[in-house]
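Colleague: below are the sequence and a predicted model; questions follow.
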Amino acid sequence: MRHADDNQNGTLGPMSERTGKALAFPLAAFSLLLQTPRPASAAPTLPGELTHPLESAETCKTCHAFPNDPDHDDDPYHAPIVVSGSLMANAARDPVFWAGVAVAHQDAPGETEVCVRCHSPRAFLEGRADAIAIEELNEADLEGISCDFCHRMLDDGETPAGNARYTIDDVLALDGTVPKRGPWAYTDDGPQHAWSGPDAYLSRSRMCGTCHDVSTPTVWVDHEGNERGATFPEQRTYSEWLNSDYALEGAQFRSCQDCHMPAVKNAAGCAAFSAGGLLHDEGVRRHELVGANRFAVELIKAKHGTAAGGTVDDAYYDYTLERMAEFLSTAATLEVDFPTSVDLKVGIEAWAVRVTNNTGHKLPTGYSEGRVMWLEVTANHDGRDLYHSGKWESDAFEQDDQLRRYEAIAEDRRDGTRFHLLRNNHWLVDNRIPGAGQRPHPETDPVGDRYSLQSGNTWPNFDTHSYSFGAALVEDTTPGDPDKITLTVRLLYLINTPEYLDFLVEENSTNTAGTDLQFAADQAGGPQPVVLAELSKTVVLSGLEPQSPSGGDVTGDGDGDGDGDGDGDTASGGDTSTASGGDTNTASGGAPLNADAGCQCSASAPPPRPPGSAVLGVLVLWRWRRRKARPPSPYPTKG
């Protein structure tokens, strides 16, 4: 097995000179034969220990914003400055984060330090880790995970991953500055600042694990309330990767950086090298660092982008959103056994869907509060959805009996309270899809009976679910013409459910962070799901009812499904799959999809649909409160 600390993959290679061009820089004495510096104090670095503060990211823009090299004119922008629009660089500007911190502070005063420690390292290192509102930080703190922070972080060889326990280099070079740690060594022309390299730590997943494994101080308990001998594992993205096939030596190995910071071959790392044609053979890492949280980027742009009078150029946010759309299409694959035809007098007996997680961590992963992924299936004829499950409609999705959700729900087992980060001590359920080849471990195993271990002692990185729909009475509005029905399956992911946004308002007795967030969400059109994958097929439709003399819906309920209830649901049907066990359409079995069901199609996603257009006119703050009542939870509650 190759662990993160052994990972040399992604260490970038030597510099080459583009034909016909050369550039000579005087080699600064301070960068010659620099040895790898060690921290000036014990690890990890604590508040007040840095003699030399982190440098502002604004300084880096001078040299690290430049056009693509000519050979990459048609490729995504690869200058490191694009990090400015990422959630990493905006971690301290995230309004959802601050709304959550306010509630967490109420539950456990003084315990939110680890939150600030991760989202604003500068604030933590300079003694402002007790901040519970964005207004308590200074402007430099808002740079979040900054350039200097990453390029001064080092592996001290002793600090375990998680909870933002980083060690920061604080040893000066001969020029009186702390060197930037990087992937390259220079023997001739070096960068125009002090440097230290090559440093393989920058390309190791272990570096990302610094903040992407998080435990709260609360004691973790099992289903019976017994202590498990550890604190609560709030998120384990790094550990999920470490237990997956992607962390193993071989052709399948992929580090966090390989996916989230794609390498570009024969590219320059700074403006001067680009102008002079000095390129790195093994490429520059594109500093995109994108995930699935499109809604947060939209909210941050609306508040902190230049169009709103903020300090971050809107172009960087737009670039992040563009790359995010491209990136999300790689996360999952759908395989669907579409019926070859649909007879409404019979219905759809079996419509099987398989979702495969293409990542090295759970899907979805990370912070779980208010996040849910689900399958939406619709069967549309003449503009009406005759059959549907999990249908998304503007601000909520259908809670039907066949709904397939993927989420992790934590609770305070003493009373079943949910959404309270620092009270959570028990995983009620975790049915997120495991990563590729994920091996068993108490802190990363699924919770519930949806998945079963495979023969190789790994969790399946897929889930299969089958739908069935009963007969329906639908009038033929185009007699004599051939009828068709379009069957569509979408894998949708909602980062912030309206229920969670309501919680952040209702539970906050400290400040207005929740109210401010909800107002901003309303202005943005409300949280909208991203589409991770989508497949459609149009097939022959039969069994329509002859047109009635007066026209219109046969049943008179207006929904077109023929069941007379007006809700658009079918008259019958139910989930034909099971959470686990011997059914051929189980989540964990790995059996082939129904071979008699017709075309077996497979595809990754199109770009995700953007959030809805901004609400025009005067916005009512409590729009979410006027929506229909919250649906009941699909999981049992205590008592």
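Modeller: Now that the structure is in, tell me what you want to look at. The structure displayed is predicted, hence computed values, not measured ones.
Colleague: what residues of stretch 325-339 count as buried?
Modeller: 325, 327-329, 331-339 (16 or more other Cβ atoms under 10 Å). (C-beta placed from N, C-alpha, C; glycine too.)
Colleague: which one of those residues is nearest to residue 127?
Modeller: Nearest to residue 127, judged by Cβ to Cβ, of the buried residues of stretch 325-339 is residue 327 at 36.2 Å.
Colleague: so that closest one belongs to a helix, correct?
Modeller: Yes. The assignment for residue 327 by DSSP: H, G, I helix; E, B strand; the rest coil puts it in a helix.
Colleague: can you name the residues that contact it?
Modeller: 288, 290-291 (Cβ atoms under 8 Å, 6 or more residues apart in numbering).
Colleague: can you list those in JSON lines and add distance to residue 144?
Modeller: Shown next, in JSON lines, are the contacts of residue 327 (distance: Cβ to Cβ, whole Å):
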{"residue": "288", "distance to residue 144": "15"}
{"residue": "290", "distance to residue 144": "15"}
{"residue": "291", "distance to residue 144": "14"}
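Colleague: redo the residues you listed as CSV? Include pLDDT.
Modeller: Shown next, in CSV, are these (pLDDT from 0 to 100):
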residue, pLDDT
288, 96
290, 97
291, 96
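Colleague: which one of the residues you listed sits closest to residue 273?
Modeller: Nearest member of those to residue 273, counting by Cβ to Cβ, is residue 288, at 20.3 Å.
Colleague: what's the local residue count around the nearest residue to the closest one once chain neighbours are set aside?
Modeller: Nearest non-adjacent residue to residue 288, counting by Cβ to Cβ, 6 or more residues apart in numbering: residue 323, 4.6 Å away. Neighbours of residue 323 under the rule other Cβ atoms under 10 Å: 20.
Colleague: same check on residue 226?
Modeller: Using other Cβ under 10 Å: residue 226 sits among 9 other residues.
Colleague: give me the distance between it and residue 206.
Modeller: 32 Å (Cβ to Cβ, to the nearest Å).
Colleague: low-scoring stretches of the stretch 451-600 of the chain, by residue?
Modeller: Applying pLDDT under 70 to the stretch 451-600 of the chain picks out residues 549-600.
Colleague: can you give me the helices for it?
Modeller: For the stretch 451-600 of the chain, applying DSSP state H, counting those that start in this stretch gives helices covering 498-506, 513-523.
Colleague: kindly calculate the angle that the first one makes with helix 513-523.
Modeller: Between the axes of helix 498-506 and helix 513-523, defined by axes from the mean of the first three to the mean of the last three Cα atoms, to 10 degrees, the angle is 140 degrees.
Colleague: look up how far residue 459 lies from residue 440.
Modeller: Counting by Cβ to Cβ, the gap from residue 440 to residue 459 is 7 Å.
Colleague: could you count how many residues lie near residue 516?
Modeller: 19.
Colleague: start and end of stretch 409-418, how far apart?
Modeller: The stretch stretch 409-418 measures 8 Å between its terminal residues, going by Cα to Cα, to the nearest Å.
Colleague: where does residue 316 land in three-state SS?
Modeller: helix.
Colleague: now do the strands in the stretch 301-450 of the chain.
Modeller: Under the criterion DSSP state E, counting those that start in this stretch, the stretch 301-450 of the chain carries strands at the ranges 332-337, 341-343, 348-357, 372-381, 384-389, 392-393, 396-397, 405-406, 408-412, 417-418, 426-430.
Colleague: tell me, how many residues neighbour residue 253?
Modeller: 16.
Colleague: cool, and residue 104?
Modeller: The number of residues near residue 104, taken as other Cβ under 10 Å, comes to 19.
Colleague: quick thing: my sequence starts at 842, can you match it?
Modeller: With the count now opening at 842, the last piece we talked about shows up as residue 945.
Colleague: how close does it get to residue 938?
Modeller: For residue 945, the distance to residue 938 - Cβ to Cβ - is 10 Å.
Colleague: got any residues that touch both of the two?
Modeller: Here residue 945 and residue 938 share the contacting residues residue 956, scored by Cβ under 8 Å, 6+ apart.
Colleague: let me have the strands of the stretch 1142-1291 of the chain in JSON lines, extended by distance to residue 1304.
Modeller: Below are the strands of the stretch 1142-1291 of the chain laid out as JSON lines (distance: least, Cβ to Cβ, whole Å):
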{"stretch": "strand 1173-1178", "distance to residue 1304": "10"}
{"stretch": "strand 1182-1184", "distance to residue 1304": "24"}
{"stretch": "strand 1189-1198", "distance to residue 1304": "5"}
{"stretch": "strand 1213-1222", "distance to residue 1304": "9"}
{"stretch": "strand 1225-1230", "distance to residue 1304": "15"}
{"stretch": "strand 1233-1234", "distance to residue 1304": "19"}
{"stretch": "strand 1237-1238", "distance to residue 1304": "18"}
{"stretch": "strand 1246-1247", "distance to residue 1304": "7"}
{"stretch": "strand 1249-1253", "distance to residue 1304": "14"}
{"stretch": "strand 1258-1259", "distance to residue 1304": "23"}
{"stretch": "strand 1267-1271", "distance to residue 1304": "13"}
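Colleague: nearest to residue 990 among those would be which one?
Modeller: Of all the strands of the stretch 1142-1291 of the chain, strand 1249-1253 sits nearest to residue 990, with 28.5 Å by Cβ to Cβ.
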